[in-house]
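K.L.:
Below is the sequence, then the predicted model.
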Amino acid sequence: MSDNTNSTPQNDEVDLGQLFKIIGQLFKSLFNFFKSILNDLFRVAIYSLKPFVKNIKMVSAILIIAALMGVFLEKYSKTIYTSDMLVRPYFDSKYQLANNIDYFNTLVDEGNISELSRVFEIDSSESASLLGFEIEIGPQTKNDIIKEYDGFLKTIDSTLATTITYDDFIENRDILNGSTFRITAESSASDVFGKLENGFNKTFENNYSKKNKILRDSSIVIEKKKLLRDLKRIDSIQKIYLEVIKTESEKESVILSNGDMTVSQEKTTTREYELLQEEMKIRNELTALDEKQITESDFYDVLSSFEDVGGVKKVSIYLRYPVLFPLIAFGLMILTFVVYKTFYFIKEYE
């Protein structure tokens, strides 16, 4: 009995010792694995840098020459000027705007100076200075985007709307989902931008946008007639309530003048407050329709025009020639080295 009792703790100690030994070997294996990876990465880095270190003079000379070429080209290249215009199109004229931006860029790429002059009503030298146009969604607050999301959900089936989250809407949002757009023009002349707005004024009005405006105006007329009918109905009910109240007050005065009689008079329940609330709601809706018809009477609003004198286009440091050319040269050297080593390996492979 006593021998069996003593052997149990010894077996437990042996099992724990083996477990710790296995865990120790596991950590050692993991350490050796990561160590081997780091050693391999170190060897790859050294092997990759070795040819550049061995040929440091040639590499330095190539990079310096590339940088000097970039400086020279940047110094004598034409300065690019840019200016922005913010617009808010109505009646889905934004589709025509995006299409016309592509058309203008095509004219610039083809060098069709005569057509550019006709569209923008500028002379040929000013047309020749145009370098291109870009369109993007204008500045928006988070509340603006939430309103767009809410408006989008109202245009689709309610069952489908429950499956589309705000993040899904943001991720799949197209440029034409916006309501405000920034148009950027580039030119080699600084004083041409103020004359471009006339050309863009023609881009918002087409048969489709005109049709949408007519439909909008017609729907506003119909909605206003309906609201005016409701307002007239409420006015009639209010007059009836006033007559009822007047009649009951006259009866009360008759009863009070006859002191020998005690008569219980039930008052008719009226809803003057609810009618007043409904009347205020209808009048607010009529005001909103009038405001919409006034503020959206044109096919677009210009929130900010092109400046008369454009500013110099800002270029990222990595796209400037003195930095870009050495990076390209370094990349070509790496590519040449890899191709050479690959060719040599294939040639010597047995």
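P.N.:
On my side now, so go ahead. Nothing here was measured: the structure is a model prediction, and the numbers come from that model.

K.L.:
At which residues are the strands of the stretch 101-250 of the chain located?
P.N.:
For the stretch 101-250 of the chain, the strands defined by DSSP state E, counting those that start in this stretch cover 130-137, 181-187.

K.L.:
Test my guess that Ile62 contacts Ile334.
P.N.:
No. Contact criterion Cβ atoms under 8 Å: Ile62 and Ile334 do not qualify, at 12.0 Å. Heads up, the C-betas are built off the backbone N, CA and C, glycines and all.

K.L.:
ok so, going back, give me whichever of the strands of the stretch 101-250 of the chain is most buried.
P.N.:
strand 181-187 (a mean of 21; mean count of other Cβ atoms under 10 Å).

K.L.:
rewinding a little: with neighbour numbers in mind, choose between Ile62 and Ile334.
P.N.:
Ile62 (16 against 13; other Cβ atoms under 10 Å).

K.L.:
how close does that one sit to Met333?
P.N.:
7 Å (Cβ to Cβ, to the nearest Å).

K.L.:
What mean pLDDT does stretch 80-91 get?
P.N.:
Taken as a whole, stretch 80-91 has a mean pLDDT of 84.

K.L.:
do stretch 126-141 as well
P.N.:
83.

K.L.:
And for stretch 25-34?
P.N.:
Confidence for stretch 25-34, expressed as mean pLDDT, is 82.

K.L.:
Also stretch 58-70?
P.N.:
For stretch 58-70, mean pLDDT rounds to 84.

K.L.:
so what's Leu228 up against?
P.N.:
Contacts for Leu228 (Cβ atoms under 8 Å, 6 or more residues apart in numbering) come out as Leu286.

K.L.:
Just want to check the distance between it and Gly311.
P.N.:
52 Å.

K.L.:
Kindly report the same for Ile234.
P.N.:
In this structure, Ile234 and Gly311 are 58 Å apart, going by Cβ to Cβ.

K.L.:
so what's the spatially most central residue of the chain up against?
P.N.:
Central residue of the chain (Cα atoms, centre = their mean): Ile137, 5.5 Å from the mean position. Under the criterion of Cβ under 8 Å, 6+ apart, the neighbours of Ile137 are 175, 177-178, 180-182.

K.L.:
Now render those as JSON lines, adding distance to Phe72 and pLDDT.
P.N.:
Shown next, in JSON lines, are these (distance: Cβ to Cβ, whole Å; pLDDT from 0 to 100):
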{"residue": "Ile175", "distance to Phe72": "38", "pLDDT": "71"}
{"residue": "Asn177", "distance to Phe72": "45", "pLDDT": "70"}
{"residue": "Gly178", "distance to Phe72": "42", "pLDDT": "74"}
{"residue": "Thr180", "distance to Phe72": "42", "pLDDT": "82"}
{"residue": "Phe181", "distance to Phe72": "38", "pLDDT": "86"}
{"residue": "Arg182", "distance to Phe72": "34", "pLDDT": "88"}
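
K.L.:
just these now: which is nearest Ile156?
P.N.:
The nearest member of these to Ile156, counting by Cβ to Cβ, is Asn177 at 13.1 Å.

K.L.:
The closest one touches Tyr149, doesn't it?
P.N.:
No. Using Cβ under 8 Å, Asn177 is not in contact with Tyr149, being 9.4 Å away.

K.L.:
burial of Ala61, as a residue count?
P.N.:
Residue neighbour count, defined by other Cβ under 10 Å, stands at 11 for Ala61.

K.L.:
secondary structure class for it?
P.N.:
helix (DSSP: H, G, I helix; E, B strand; the rest coil).

K.L.:
Can you tell me how far it is from Leu68?
P.N.:
In this view, Ala61 and Leu68 are 11 Å apart by Cβ to Cβ.

K.L.:
longest single helix anywhere in this protein?
P.N.:
helix 2-54 (DSSP state H).

K.L.:
roughly how far out does it sit from the chain middle?
P.N.:
Computed by Cα atoms, centre = their mean, to the nearest Å, the chain-centroid distance of helix 2-54 equals 51 Å.

K.L.:
That one - contacts with which helices or strands?
P.N.:
Helices and strands touching helix 2-54, by 3 or more Cβ pairs under 8 Å, 6 or more residues apart in numbering; DSSP states H and E: there are none.

K.L.:
Can you show me the helices along this structure?
P.N.:
Remark: helices assigned in the chain by DSSP H are 2-54, 56-76, 94-110, 113-120, 124-128, 142-154, 158-161, 166-171, 197-201, 207-257, 272-295, 321-348.

K.L.:
Of all those, which one is nearest Met85?
P.N.:
Once the helices of the chain are compared by Cβ to Cβ, helix 197-201 is nearest, at 6.9 Å.
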